[in-house]
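Visitor: Task: produce atomic coordinates for the following.
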Amino acid sequence: MSTRTLAVTDEIQDYLARVTVREPEPFRRLRAETATMENAGMQIAPEQGQFMALLVELLGARRALEIGTFTGYSALWVATALPPGGRLVCCDIERAWTDIAQRYWAEAGVAGKIDLRLGPALDTLDALLAEGAAGTFDFAFIDADKPNYDNYYERALRLLRSGGLVALDNALSDGRVAAPRPDDPKARAMDQLNRKICQDERVTCSLVPIADGLMLARKR
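Guide: Alright, predicted model coming up:
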């Protein structure tokens, strides 16, 4: 028995992918296409996508929110886990990326569940709040520009119902959060937010060391 999290070697990573991930064919092809792109590192890992889908199912979520969609891989996992009539609001600023996403959403049969909103995410979130959507979402996934993570987190909490869950990607920032350098604003912002969430009495939290780290915060 180990008293610390097991280091994920290449062999264990291969085992995770081969044995435990049920990745549908459109998902696999989207991931492969994204891997050829300049910003491929923004893609989440398949085991993380499957884990988030499980969380969505466990929550019984019907309304979900995604801040930072990229080419739509994480949205595929979340939308597929939503029941018929479920809705995922996706926020992004880049049409070229989301045009790719929409092709695969249609192929996977989940396009009807997804409401894509192009524009600055803070504007979209503020518009949702202005529309009276506070307390109506079950799940939120944040995977966008790190300096704004705290702003996204605060708005996501307002949009979530009690018992709703927010998941924040890149919580470990390739391990740099352990000792962030002054010239690394992304890791510094993530470290500060991790510490804030840990002390935030509004939530129950856990930082899960899957992929690049996933901070989970359940609204009390």
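
Visitor: And the strands in this protein, which stretches?
Guide: Secondary structure of the chain by DSSP state E: the strands cover 63-67, 87-92, 114-118, 137-142, 160-169, 203-208, 214-219.

Visitor: Tell me where the chain has helices.
Guide: For the chain, the helices defined by DSSP state H occupy 10-15, 25-34, 46-59, 73-81, 95-108, 121-130, 149-159, 185-199.

Visitor: Now render those helices as TSV, adding distance to residue 216 and mean neighbour count.
Guide: C-beta: built from backbone N, CA, C; applies to glycine. Putting these into TSV (distance: least, C-beta to C-beta, whole Å; neighbours: other C-beta atoms under 10 Å) gives the following:
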stretch	distance to residue 216	mean neighbour count
helix 10-15	21	10
helix 25-34	22	16
helix 46-59	8	19
helix 73-81	14	25
helix 95-108	24	17
helix 121-130	19	16
helix 149-159	12	20
helix 185-199	9	17
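
Visitor: where does the protein have its least confident helix or strand?
Guide: Using mean pLDDT, DSSP states H and E, the weakest-scoring helix or strand in the chain turns out to be helix 10-15, at a mean of 94.

Visitor: what's next to that one, contact-wise?
Guide: For helix 10-15, the surrounding residues in contact (C-beta atoms under 8 Å, 6 or more residues apart in numbering) are residue 6.

Visitor: From the centroid of the protein, which residue is nearest?
Guide: residue 141 (3.5 Å; C-alpha atoms, centre = their mean).

Visitor: Does that one touch residue 55 like I think?
Guide: No - with contact defined as C-beta atoms under 8 Å, residue 141 does not reach residue 55; the gap is 9.4 Å.

Visitor: what do these two both touch?
Guide: Residues touching both residue 141 and residue 55 (C-beta under 8 Å, 6+ apart): residue 167.

Visitor: I'd like the strands of the chain laid out as a markdown table, including distance to residue 76.
Guide: Supplementary listing: the strands of the chain in a markdown table, determined by distance: least, C-beta to C-beta, whole Å:
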| stretch | distance to residue 76 |
| --- | --- |
| strand 63-67 | 11 |
| strand 87-92 | 10 |
| strand 114-118 | 9 |
| strand 137-142 | 12 |
| strand 160-169 | 15 |
| strand 203-208 | 20 |
| strand 214-219 | 17 |
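
Visitor: List the contacts of stretch 30-38.
Guide: 23, 40, 43, 46, 70, 71, 72, 73, 76, 100, 101, 104.

Visitor: got a list of what the fourth one touches?
Guide: Contacts were defined as C-beta under 8 Å, 6+ apart; by that measure residue 46 touches 17, 21, 23, 27, 31.

Visitor: and if we set it to 7 Å?
Guide: Residue 46 sits next to 17, 21, 23, 31 when contact means C-beta atoms under 7 Å, 6 or more residues apart in numbering.

Visitor: burial measure for the second one, as a count.
Guide: Same thing as residue 21. 16 (other C-beta atoms under 10 Å).

Visitor: And it, what's its pLDDT?
Guide: Predicted confidence (pLDDT) for residue 21: 97.

Visitor: Low-confidence ranges, this protein, go.
Guide: 1 (pLDDT under 70).

Visitor: Recalculate using a threshold of 90.
Guide: 1-4, 6-7 (pLDDT under 90).

Visitor: now the contacts of stretch 30-38 as JSON lines including distance to residue 82?
Guide: Listed next are these as JSON lines, based on distance: C-beta to C-beta, whole Å:
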{"residue": "23", "distance to residue 82": "18"}
{"residue": "40", "distance to residue 82": "26"}
{"residue": "43", "distance to residue 82": "21"}
{"residue": "46", "distance to residue 82": "19"}
{"residue": "70", "distance to residue 82": "19"}
{"residue": "71", "distance to residue 82": "19"}
{"residue": "72", "distance to residue 82": "14"}
{"residue": "73", "distance to residue 82": "16"}
{"residue": "76", "distance to residue 82": "11"}
{"residue": "100", "distance to residue 82": "21"}
{"residue": "101", "distance to residue 82": "16"}
{"residue": "104", "distance to residue 82": "16"}
